[in-house]
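> Coordinates for the following, if possible.
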Amino acid sequence: MVSLDQIIDDFAFLDEWEDRYRYVIELGKSLPEMPEASRTSENKVQGCASQVWLVTHTSGDRDDPVLTFEGESDAHIVRGLVAIALAIFSGKSASEIARIDALDTFGRIGLIEHLSSQRANGLRSMIRRIKGEAETRLPA
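This is a model prediction of the structure:
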């Protein structure tokens, strides 16, 4: 999987929106296939126009576990957005995830203003889901 730093660097190099769009699709193609058994209604992200599935894995400290994510979508561009979200969040502790402003990252790389309102809402739903997964794993 491509690191967030690499994604940010690559976006800085690409001037045209069409090139960025193609790059997002390429990022999506780099995601490992999600097993069919994981594409369940409980793993489906609500609020996305396209179908998006997210599986959360935890490891490490019980009070502040590290979360890793698997993601999948049936739409090429959305699959790329999933790949970027996983680069932002996956492999971080629940407390780190709770503090991350992912929309700021998507804005800095110049994606938010190019997404349709439907896709932007879906992206927000995915981010809410990931942050919710982290918050439920932190002590009250």
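> With only the CA atoms kept, save the least confident helix or strand in the chain by mean pLDDT in PDB.
The weakest-scoring helix or strand in the chain, judged by mean pLDDT, DSSP states H and E, is helix 102-108 (a mean of 89). These are the backbone C-alpha positions of helix 102-108, laid out as PDB (Å, rounded to 0.1, in the frame of the first residue of the first chain):
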ATOM      1  CA  ALA A 102      -8.800  13.600   7.300                       C
ATOM      2  CA  LEU A 103     -10.900  16.200   5.400                       C
ATOM      3  CA  ASP A 104      -8.100  18.700   5.900                       C
ATOM      4  CA  THR A 105      -5.700  16.100   4.300                       C
ATOM      5  CA  PHE A 106      -8.200  15.600   1.400                       C
ATOM      6  CA  GLY A 107      -8.400  19.300   1.000                       C
ATOM      7  CA  ARG A 108      -4.600  19.900   1.000                       C
END
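> got the buried residues for it?
102, 105, 106 (16 or more other CB atoms under 10 Å). Bear in mind the C-beta positions are built from the backbone N, C-alpha and C, glycine included.
> could you dump these to a markdown table with distance to residue 85?
Formatted as a markdown table, these follow (distance: CB to CB, whole Å):
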| residue | distance to residue 85 |
| --- | --- |
| 102 | 7 |
| 105 | 9 |
| 106 | 9 |
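> For residue 134, state which of these is nearest.
Set against residue 134, the nearest of the buried residues of helix 102-108 by CB to CB is residue 102 (11.6 Å).
> Distance of residue 91 relative to residue 70?
12 Å (CB to CB, to the nearest Å).
> Repeat that for residue 43.
9 Å.
> quick one: buried residues of stretch 18-36?
20, 21, 23, 24, 25, 27, 28, 31, 34.
> wait, I meant stretch 120-131
120, 122, 123, 124, 125, 126, 127, 129, 130, 131.
> can you tell me which of the residues you listed are in helices?
Among those, the members found in helices (DSSP state H) are 120, 122, 123, 124, 125, 126, 127, 129, 130, 131.
> how close does the last one sit to residue 138?
What that stands for is residue 131. Applying CB to CB, the value for residue 131 to residue 138 is 11 Å.
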